[in-house]
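>>> Need a 3D model of the sequence below.
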Amino acid sequence: MRLFDVVPCIRLGQPLTLVLFLSLLCRVALVLHTCCIGLVRLFLCCLLLCLLIYALLAFTCPQHHQFATHAYNLKEKTLHSKKTFLYAATVSVVFITRFMLTKEVFEKTSFNHVDFVMKEEKIYMIQYFEDLPLSPEILRGIQELKFEELFPIQAQAIIPLLHGKDVIGQAQTGTGKTAAFGIPMLERLQHNDKHVQGLILVPTRELAIQVADHLNHLSKYTPLKALPIYGGESIQKQIFALQRGVQIVVGTPGRVIDHLERGTLKLNTVKVVVLDEADRMLDMGFKDDIDFILAKVPSNRQLSLFSATIDSYVMKISERYMNKPEKILVSKDEIALPQINQFYTVVNPYSKFDVLRSLIEEGNIRRAIVFCKTRIGAAKLANMLRRHGYNAEALHADLSQAQREAIIEAFRGHRIQLLIATDVAARGLDIEGITHILNYDIPFDALMYFHRIGRTARVGRDGTAITLVAYGEIQELEKIQSLTKTRIEKMEME
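As a prediction, the model looks like this:
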């Protein structure tokens, strides 16, 4: 019996039947290629290729047309019993094989998707900065900052980034994201090239300043320089700095686009791009700006994306612009830092101020950020606290950049006890020694809660977060609790 006799669906001599059979062969070959390995894959793919070639020859060679009427007469509906059995067996094997293998691929894909979203953090064998393959100059800068042991995000992200891979990193706020992407960037840039080689996009001015300052400390013993560019500051000053030459630009999307349109910033030499706090940039409406900026950088650049939370919008950015990224994600019960003691108390909305004062006095709180929903609310609360003898200042978007920087520096220098801030204004603040986060107002967005409390417990230290929940806000608290398995305990006020 010839192979051609075993595949009666080809013998029909009909183009539609042939196309169907060839498509099935291609699908099976693709699935086998995905599921099998080594010699097994090679053998099966070769066998299917032979069938494919034979099928083409059978259809195109006239001498085989006689089999059409011999094998199957559509009008008389007569078919030899042996050929009927072979036909049924062949079609069954093809479809069952296709179903089983496709099912296996589907199950593998589903598992990978779950693993992609909820991947548990694992710490690589490397635990100390001195064990990393870093240059002496960068190691010296790290040692001067008193960095010794790696945080999980650093242990997992630095090596792939050093190898030039794209990375998606979900990191707990305050656990070393900047060093995780900054150190590999510094290692990959050319010291003798004064063109812009690294670009870091951040959502706020404060974060731009802090990231650039952190990178300049790390690169202290190299010629590499980082420049923060942001709105609210003289653009001419930034233009002069760009003309003198910097290797890294850390900027807010709006001001970066401003420089691009003026021609004062060129991105054609960029090798490394980082989107820091990507979720917040998207929340603030920077999606189109990010698209515009990424279109200006070379297609072969390395791209990494870091954020405290990863949602579907962030994933869409990664799918569009990233090349097979390494995924360093944490499960939802790790969104909140375990060293943060979290409490809430249910209060009458009209007695919130009195409860806040009691918390400050009874808890002996001397250094805290108090979060409000609105700029007006932050300014009003700061005034009320000052009238009661507290050293408090408001930080919100209505202040000029000079005023904001002066307030932040005063708080950093312990000249201000309580910083009353809105979410946008406090985004990215990296100030050591904040013992308490007091949520005077529960945030509009549940995820913002985790950004807020991340201002305390920086760099592994302990901290406390207390949220005042009005009677009508219990549902908002439940939304926050649903995002993490970290316990938020109820605090009873006398």
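>>> could you pull out the strands for this protein?
167-170, 198-201, 226-229, 248-251, 272-276, 302-307, 326-328, 340-347, 368-371, 392-395, 418-421, 436-439, 463-470, 488-490 (DSSP state E).
>>> Check which residues of the last one are buried.
This means strand 488-490. When burial is assessed from 16 or more other CB atoms under 10 Å, strand 488-490 yields the following buried residues: Ile488. (Glycine included, C-beta is placed from N, CA and C.)
>>> Direction included, what does that strand pair against?
strand 340-347 (parallel) (DSSP bridges).
>>> circling back: would you turn the strands of the chain into TSV with mean pLDDT and distance to Ala295?
Output for the strands of the chain, formatted as TSV (pLDDT from 0 to 100; distance: least, CB to CB, whole Å):
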stretch	mean pLDDT	distance to Ala295
strand 167-170	90	20
strand 198-201	97	13
strand 226-229	96	19
strand 248-251	97	16
strand 272-276	95	12
strand 302-307	92	13
strand 326-328	88	24
strand 340-347	90	39
strand 368-371	94	36
strand 392-395	93	34
strand 418-421	93	34
strand 436-439	93	38
strand 463-470	91	40
strand 488-490	88	42
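>>> need those strands in JSON lines with distance to Ala241, can you?
Compiled in JSON lines, those are given as follows (distance: least, CB to CB, whole Å):
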{"stretch": "strand 167-170", "distance to Ala241": "28"}
{"stretch": "strand 198-201", "distance to Ala241": "15"}
{"stretch": "strand 226-229", "distance to Ala241": "5"}
{"stretch": "strand 248-251", "distance to Ala241": "10"}
{"stretch": "strand 272-276", "distance to Ala241": "20"}
{"stretch": "strand 302-307", "distance to Ala241": "24"}
{"stretch": "strand 326-328", "distance to Ala241": "33"}
{"stretch": "strand 340-347", "distance to Ala241": "38"}
{"stretch": "strand 368-371", "distance to Ala241": "31"}
{"stretch": "strand 392-395", "distance to Ala241": "26"}
{"stretch": "strand 418-421", "distance to Ala241": "29"}
{"stretch": "strand 436-439", "distance to Ala241": "35"}
{"stretch": "strand 463-470", "distance to Ala241": "36"}
{"stretch": "strand 488-490", "distance to Ala241": "45"}
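>>> which residues sit in contact with Val272?
When contacts are counted by CB atoms under 8 Å, 6 or more residues apart in numbering, Val272 touches Pro184, Met185, Arg188, Leu189, Gln197, Gly198, Leu199, Arg301, Gln302, Ser304.
>>> Does the last one touch Asp166 like I think?
Spelled out, that is Ser304. Yes: here Ser304 reaches Asp166: they are 6.3 Å apart, a contact under CB atoms under 8 Å.
>>> Looking at these two, which one has more neighbours?
Ser304 (28 against 20; other CB atoms under 10 Å).
>>> List the beta-bridge partners for the nearest residue to that one once chain neighbours are set aside.
Among residues not flanking Ser304 along the chain, Val167 sits closest, at 4.3 Å (CB to CB, 6 or more residues apart in numbering). Val167 has these beta-bridge partners by DSSP bridges: Ser304, Glu326.
>>> Could you measure from Val167 over to Thr309?
The spacing between Val167 and Thr309, counted by CB to CB, to the nearest Å, is 16 Å.
>>> Repeat that for Ile159.
Taking CB to CB, one finds Ile159 at 24 Å from Thr309.
>>> Repeat that for Ala421.
Distance, Ala421 to Thr309, using CB to CB: 20 Å.
>>> Done for today, thanks.
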